[in-house]
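Trainee: Requesting a structural model of the entry that follows:
(one chain, ligands or ions: 2)
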Amino acid sequence: MAPLKVTKICCLGAGYVGGPTCAVVALKCPHIKVTIVDFNQARIDAWNSPDYNLPIYEPGLEDVVRQARGRNLFFSTNVDQAILEAELIFVSVNTPTKKSGVGAGFAADLNYVELATRQIARVSTSSKIVVEKSTVPCRTAESMRTILEANSKPGCRFDILSNPEFLAEGTAIQDLFAPDRVLIGSLQTPEGKSACESLVEVYNNWVPKQKIFTVGLWSSELSKLAANAMLAQRISSINALSAICEATGANIDEVSNAVGMDSRVGPKFLRASVGFGGSCFQKDILNLVYLSESLHLPEVAAYWRQVVEMNDYQKRRFSKRVVDTLFNTITGKRIAVLGFAFKADTGDTRESAAITLIRDFQAERARISIYDPKVEESQIWQDLQEASPTVPLVDIQKNVTITHSVLEATRDVEAVIIATEWREFKLIDWHAVYAQMSKPAFLFDGRLLVNPDELRQIGFRVSVIGRGETL
Ligand SMILES: NC(=O)C1=CN([C@@H]2O[C@H](COP(=O)(O)OP(=O)(O)OC[C@H]3O[C@@H](n4cnc5c(N)ncnc54)[C@H](O)[C@@H]3O)[C@@H](O)[C@H]2O)C=CC1
Ligand SMILES: O=C(O)[C@H]1O[C@H](OP(=O)(O)OP(=O)(O)OC[C@H]2O[C@@H](n3ccc(=O)[nH]c3=O)[C@H](O)[C@@H]2O)[C@H](O)[C@@H](O)[C@@H]1O
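Mentor: Ligands and ions are numbered 1, 2, ... in the order given. Presented below is the predicted three-dimensional model:
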């Protein structure tokens, strides 16, 4: 069966994945018309904004959109029209953790995927290749196929592919330009393989064939959950060791370097921190836990659940260390939190460790000032409100201030917390910060960002993740 040569692509979902991914497809494939659709009007307006005030901050993204938008890249809320025209449809909609019902707190909420699938079936008048881009539980493609086949019009056939996305926020564009691998799963039928070949040809416009890995559908779906679970597991492992370092006087940087020099382990993703955040690690592990339990594999479920529990422990441990070090009380004390995003180079705050720390400090009735170079003020208030739903926002605002610079955030404070590893924080004039702080001046580095010896020379009392001493 000769593979279909794709000329029109539509992407359902203009979020952190759909937007950058399909913008890069458009840039690299000028012969393909790419339409990214979403029913969130504000998001689409931002993607179309004349001054490129895009809805997400991602280094290099604006440049990609500037080159392709209006040429062969379009953003629209006309979902039906884009489905109708396309030969290949990426489904990049959100799959959050379920908040209620069966599997609440663990299972992925597949409502958006199902609604998108039903919409494709309802609107389509010609055959389509439907590509699962969202992260989904193993065998979701089967449910999608059942829905599509049960609702298709005569003469329409649907081939389902799984093509999970591995980009990390903050480096999305470089990850998309030069991915470690592109994974495509398909049914191993002649039709399935032919659909797979069509998508391989799209990627092969810029990704070498040897980096495009084609597998069965279920392996592809499970590999995405496995990759995130194993990455998060590395962080929880190193964070568990950071607790031992703090208790023994070993240094976590030295330990992770020593371990990572073993080529079988490798040096990446071994950086101790205040805890991993982001929209996916926790969600995908919980999803794997749920899958394991559904398959009657309780030991497997418990193994993966521990990765999330260790992450929660790391955040709690950090908050406690702050309270303990500040003479066992932070009531009424001023604390500056530097960084609110879940990692550097993104404005995304989903599951950010900073939110948990601030909630803990609020519970102790501390007075908190926050500075983040990219996160919008309205987002911070929304996150703090969601973290403490029973406290009225006006009461939260009595003890929390959002500031616009490191110096403004740290004025008169007793302690500074580094919660996100923004490059800007590596260049802080610590002499100036020290001069305006209350004394003794405490600094808690949750990101291994500062040189503790230099700061101690200035006069700070420094506590660093994975190091025992506070001097
Ligand atoms: N954020 C990330 O870095 C990564 C996310 N993923 C996965 O990709 C998926 C999407 O994640 P994000 O882009 O972060 O989510 P997001 O929440 O930023 O974007 C999803 C968008 O889909 C839209 N949407 C929902 N149903 C729709 C429909 N029927 N038609 C049109 N638009 C619709 C929503 O309005 C929303 O704007 C999730 O499954 C996630 O696990 C995978 C790799 C990386
Ligand atoms: O499925 C997803 O959503 C994505 O999840 C992660 O990407 P992302 O969450 O954007 O960012 P990471 O760089 O993985 O960082 C996640 C969290 O772990 C923390 N981290 C990372 C690395 C490390 O060594 N230590 C550490 O604490 C980061 O600060 C951040 O809070 C994966 O890296 C991507 O491959 C995947 O596509």
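Trainee: Could you measure from the closest residue to residue 125 other than its chain neighbours over to residue 299?
Mentor: Of all residues not flanking residue 125 in the chain, residue 153 sits nearest, at 6.2 Å (C-beta to C-beta, 6 or more residues apart in numbering). For the C-beta atoms, the positions are set from N, CA and C on the backbone; glycine is no exception. Using C-beta to C-beta, to the nearest Å, residue 153 is found at 47 Å from residue 299.
Trainee: more neighbours, those two?
Mentor: residue 153 (11 against 7; other C-beta atoms under 10 Å).
Trainee: Looks to me like the more buried one is in a strand.
Mentor: No - looking at residue 153 with DSSP: H, G, I helix; E, B strand; the rest coil, it is coil, so not inside a strand.
Trainee: I'd like to know which residues of the protein are adjacent to ligand 2.
Mentor: Contacts of the chain with ligand 2, taken as C-beta under 6 Å from any ligand atom, map to 135, 165-169, 228, 231, 235, 269-271, 273, 276-281, 342-343.
Trainee: Secondary structure element holding the closest residue to ligand 1 within the chain?
Mentor: Proximity of the chain to ligand 1 (C-beta to the nearest ligand atom) peaks at residue 15, 1.9 Å away. When elements are assigned from DSSP states H and E, residue 15 belongs to no helix and no strand.
Trainee: Ignoring the adjacent residues along the chain, who's closest to residue 318?
Mentor: residue 274 is the one closest to residue 318 (C-beta to C-beta, 6+ apart), at 4.9 Å.
Trainee: Can you report how many residues lie near the one you found?
Mentor: 30.
Trainee: what's stretch 373-380 in contact with?
Mentor: 57, 340, 341, 346, 347, 349, 370, 372, 402, 422, 424 (C-beta atoms under 8 Å, 6 or more residues apart in numbering).
Trainee: do the same with stretch 265-275
Mentor: With contact meaning C-beta under 8 Å, 6+ apart, stretch 265-275 is reached by 231, 234-235, 238-239, 241-242, 252-253, 256-257, 259-261, 311-312, 314-315, 318, 353, 356-357, 419, 421, 446-448, 465-466.
Trainee: Next: stretch 230-239.
Mentor: Contacts of stretch 230-239 (C-beta under 8 Å, 6+ apart): 252, 256, 269-273, 275-276, 281-282, 285, 304, 306-308, 310-311, 314, 465.
Trainee: Show me the strands in this structure, by range?
Mentor: Counting by DSSP state E, one finds strands in the chain at the ranges 8-12, 33-37, 73-76, 88-91, 128-132, 158-162, 182-186, 212-216, 334-338, 367-371, 400-402, 415-418, 442-445, 461-464.
Trainee: Using a markdown table, lay out the ones you listed together with mean pLDDT.
Mentor: Formatted as a markdown table, the strands of the chain follow (pLDDT from 0 to 100):
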| stretch | mean pLDDT |
| --- | --- |
| strand 8-12 | 98 |
| strand 33-37 | 98 |
| strand 73-76 | 98 |
| strand 88-91 | 98 |
| strand 128-132 | 98 |
| strand 158-162 | 97 |
| strand 182-186 | 98 |
| strand 212-216 | 97 |
| strand 334-338 | 98 |
| strand 367-371 | 98 |
| strand 400-402 | 98 |
| strand 415-418 | 98 |
| strand 442-445 | 98 |
| strand 461-464 | 96 |
